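Trainee: Curious how this folds, go ahead:
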Amino acid sequence: MSEKRRLTLKDIARELGISVSTASRALNSYPGISDETIKLVKDFAEKHNYVPNTMAVNFRKNKTMTLGLVVPEIIHYFFSSVVSGAIQTAKKHGYNVFVSQTDELLQNEIITCRAMLSSSVDGLLISLSNETNDCEHIQEILDEGKPVVQIDKVSDNLPTPKVIVDDYQGSFNGVQHLIDQGYKKIAHLAGWKEVKNSFERKRGYLEALKKNKLELDPSWVFHCKDISEEEGFTFAQRLMESSNPPDAIFCITDLVAMGVLKYLKSKKYKVPDQIGVLGFSNWQMAGLVTPSLSSVDQHGFQMGIKATEILINLLKSNTLGGDETVELKTGLVIRESSML
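Mentor: Numbering: from 1, shown residues only. The predicted structure is shown next:
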């Protein structure tokens, strides 16, 4: 390996046959990394005179006073709430915020993150796209000594602080509410299997059914790809036209639930008398549609505030922080669509 250029974390990871994330965690002695791996990485770094950029950034005198914020969709009420909370908090501390959306596409996320880095943002807030598994483009930002805080849709492979809601408990509580109302055949329009918050919401749904010893028909679970109103309409049609239709539908987001309500209305189903509907996120429109939509509140505004406070504190202390997780509690907002 050539010593003519500064050694990077990528070089260390490649030479030792480990991931960049593991190399970073080992250098910082994170819990969960074996002593053997920590020693291996630190010995290699010392032998090859590795100087982390985080040391250089501690002596950086000029900051742009600008934060980057990357979300999948700005138009989504939850993410617009996150953006509002982040901007309000940043402004109080004298920071501007550059906001960009990925449209749930990994390639867009990579381009956006590298553009943020080129623009010299001081730190980054990000909610990952549904397609994101390899987080190398975000590790590049950490390698440059810039702190990152993950929001809502997160990866455990990145050694960064995370701000999430208790998706499992929120889902469990929502489905338990449906059960308490007398619904017994509850379907779930889920999200991507690989996305952590989608997985946790489905887990809460399954546990609520299991605890109450209710039937789970595999045909009652559909996985949305686009997380759209159109999918809600289509999957509701399949459910209600099946040989064993459900009497309630729990949706991964309110947008999907809106599609469900649209289908049920077109077929003149009586909601909630014939079928109950529950969403997740407490979208602004949830209380304006007819019937109004019951939903699990994610508290996006508070999430934006908390994540930004963490990021600014990291900038003040010139550190990248650890991989701690701040978990906000959800709330259940009961409206007409599930109240018998």
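Trainee: pLDDT value on the residue nearest to residue 284 when sequence neighbours are not counted, please?
Mentor: Excluding the flanking residues, the one nearest residue 284 by Cβ to Cβ, 6 or more residues apart in numbering is residue 77, at 5.0 Å. (Each C-beta comes from the backbone N, C-alpha and C, glycine too.) With respect to pLDDT, residue 77 scores 85.
Trainee: For residue 77, give me its contacts.
Mentor: Residue 77 makes contact with 254, 281, 283, 284, 285, 300, according to Cβ atoms under 8 Å, 6 or more residues apart in numbering.
Trainee: And for residue 122, the neighbour number?
Mentor: Per other Cβ atoms under 10 Å, the neighbour tally for residue 122 reads 19.
Trainee: again, but for the one 3 residues further on
Mentor: A total of 27 residues lie near residue 125 under the criterion other Cβ under 10 Å.
Trainee: what about the nearest residue to it once chain neighbours are set aside, how many neighbours?
Mentor: Nearest non-adjacent residue to residue 125, counting by Cβ to Cβ, 6+ apart: residue 69, 4.6 Å away. Counted with other Cβ under 10 Å, residues neighbouring residue 69 total 29.
Trainee: Other residues contacting the host helix or strand of residue 69?
Mentor: Residue 69 is located in strand 66-71, with elements delineated by DSSP states H and E. Applying Cβ under 8 Å, 6+ apart, the contact partners of strand 66-71 are 79, 82-83, 86, 90, 95-102, 109, 112-113, 116, 119-127, 151, 308, 311-312.
Trainee: So what's the gap between stretch 249-269 and the chain middle?
Mentor: Mean-position distance between stretch 249-269 and its chain equals 23 Å (Cα atoms, centre = their mean, to the nearest Å).
Trainee: Flag every buried residue along that stretch.
Mentor: 249-261, 263-264, 269 (16 or more other Cβ atoms under 10 Å).
Trainee: now stretch 180-198
Mentor: 181, 183, 185-192, 195-198.
Trainee: Now pLDDT, distance to residue 64 and secondary structure too, for the residues you listed, in CSV please.
Mentor: Output for these, formatted as CSV (pLDDT from 0 to 100; distance: Cβ to Cβ, whole Å; DSSP: H, G, I helix; E, B strand; the rest coil):
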residue, pLDDT, distance to residue 64, secondary structure
181, 98, 52, coil
183, 98, 52, coil
185, 97, 55, coil
186, 98, 49, strand
187, 98, 49, strand
188, 98, 44, strand
189, 98, 42, strand
190, 98, 40, strand
191, 96, 35, coil
192, 94, 34, coil
195, 92, 32, coil
196, 91, 31, helix
197, 93, 31, helix
198, 96, 35, helix
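Trainee: which one of these sits closest to residue 43?
Mentor: residue 196 (33.7 Å; Cβ to Cβ).
Trainee: What are the neighbouring residues in contact with residue 276?
Mentor: Per Cβ under 8 Å, 6+ apart, neighbours of residue 276: 178, 181, 183, 247, 248, 249, 294, 337, 338, 340.
Trainee: Inside helices: which ones of the contacts of residue 77?
Mentor: Residues of the contacts of residue 77 located in helices (DSSP state H): 254, 300.
Trainee: Can you tell me which of the contacts of residue 77 are buried?
Mentor: Using 16+ other Cβ under 10 Å, the buried members of these are 254, 281, 283, 300.
Trainee: Quick one, which of those residues has the minimum pLDDT?
Mentor: Scanning the buried ones among the contacts of residue 77 for pLDDT, the low point is residue 283. It has 90.
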